[in-house]
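J.: just a sequence and a predicted model for now, questions to come.
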Amino acid sequence: MKVAANGHGVRVPNFLEFPCWDEQGRLRVVVETPRGSAFKIHYDSATQAFTFQRPLRGLRYPYDWGFVPGTLAEDGDPLDALVIHEESMWPGILLPTQPIAVLKIRDKKPGAKQEVQNDRIIALPSIRSSTSASELSAEKRRELAQFFQAAGEQAGKEVRILGWGEESEARARIEQTRRR
């Protein structure tokens, strides 16, 4: 992993460089935007800082939002991830998780010529005593799809929800986007 010095001589890690899986086989998720936030925070690899990206008008993140380090998705960013739990972390927390599903999305940014795959990995913290995909009810899936649709549209994107994949598809997607 590369570590760089910031302007004050303090060595800071590049969160993008962490491996996506830890030594215990848990998926790492870097939290960018905490649960309940009414604005989006983005990790800027150039400055290695978590920065304000944009407000969410009338929306709040339903759970901790971030990315899977060591991956590169079709949209040019690390693979997106949402961690379902009742707590709220802080930006920069490296959270060990268990992937349970993937929400398959294609979107098109303003001015782009074509849409790209921009999936969301859905995970549960592996620090809990039990993890269960049953926590992802049909109602919760509908709510999450609506949230991502609305948040994407607020950013000016055209968003198409393609459907859901279970844990095996989530793991396959992680491996497809994993940086070698």
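T.: It's in.

J.: after the helix or strand harbouring residue 52, which helix or strand is next? Please name it.
T.: Counting by DSSP states H and E, the element that carries residue 52 is strand 49-55. As assigned by DSSP H and E, the chain's next helix or strand after strand 49-55 is strand 64-68.

J.: who are the packing partners of that following strand?
T.: Where contact means 3 or more CB pairs under 8 Å, 6 or more residues apart in numbering; DSSP states H and E, strand 64-68 is packed against strand 27-33, strand 39-44, strand 79-83. From N, CA and C alone the C-beta is placed, and that goes for glycine too.

J.: where exactly do the strands run in this protein?
T.: All strands of the chain, identified by DSSP state E, fall at 3-5, 11-13, 27-33, 39-44, 49-55, 64-68, 79-83, 94-108, 116-117, 120-125, 158-166.

J.: mind checking which of the ones you listed is nearest residue 19?
T.: strand 27-33 (7.2 Å; CB to CB).

J.: now do the closest one, average pLDDT.
T.: Strand 27-33 shows a mean pLDDT of 98.

J.: what angle do strand 39-44 and that strand make with each other?
T.: 120 degrees (axes from the mean of the first three to the mean of the last three CA atoms, to 10 degrees).
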